[in-house]
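> this one's sequence-less:
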């Protein structure tokens, strides 16, 4: 029962962060710990990111990166995927625990809903930060909303 309450608590924290509470940052950043007990190798976070014209212009693409903030562990990495329509791309943070994120990736799909997935390569707890932004064709930040669908 305690484990379920802790996992629900962490899920609520992730949802709050992903829903737009960014503290001092002006960017869209979300973070949490996947698989806090370290025994679910297939743990996956799945969110819908909606790009829209907020007055800065129509969205052209979604850009994102991921940073594994956990201590290094052999063969345990954090991955991020963006999918929209027939386009998909993936990136991996190959150095856990440093201050660098994965290479930034983007999918050009205009306004609408993009799928954003975060997963890991094996069993073990992984803390991470995701940075995600809807951008216009001129690389101006535009409307960006997120809804977490799954975090288990």
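Done, it's in. On a predicted model such as this, the values are computed, not experimentally measured, just so you know.

> CA only for contacts and neighbour counts going forward, please
Noted.

> ok, and the nearest residue to residue 150 once chain neighbours are set aside, which helix or strand is that part of?
Distances taken as C-alpha to C-alpha, 6 or more residues apart in numbering place residue 46 nearest to residue 150, at 5.0 Å, with adjacent residues excluded. Using DSSP states H and E, residue 46 falls within strand 44-52.

> ok, residue 108 - how many residues close by?
The tally of other residues near residue 108 (other C-alpha atoms under 10 Å) stands at 20.

> rewinding a little: now do the strand holding residue 46, average pLDDT.
In this model, strand 44-52 has a mean pLDDT of 97.

> likewise stretch 77-89?
pLDDT averaged over stretch 77-89 gives 98.

> Quickly list what the residue nearest in space to the middle of the chain is bridged to.
The chain has residue 130 as the residue nearest its centroid, 3.9 Å off, counting by C-alpha atoms, centre = their mean. Beta-bridge partners recorded for residue 130 (DSSP bridges): residue 30, residue 66.

> so what's it up against?
Applying C-alpha atoms under 8 Å, 6 or more residues apart in numbering to residue 130 gives the contacts 29, 30, 31, 64, 65, 66, 67.
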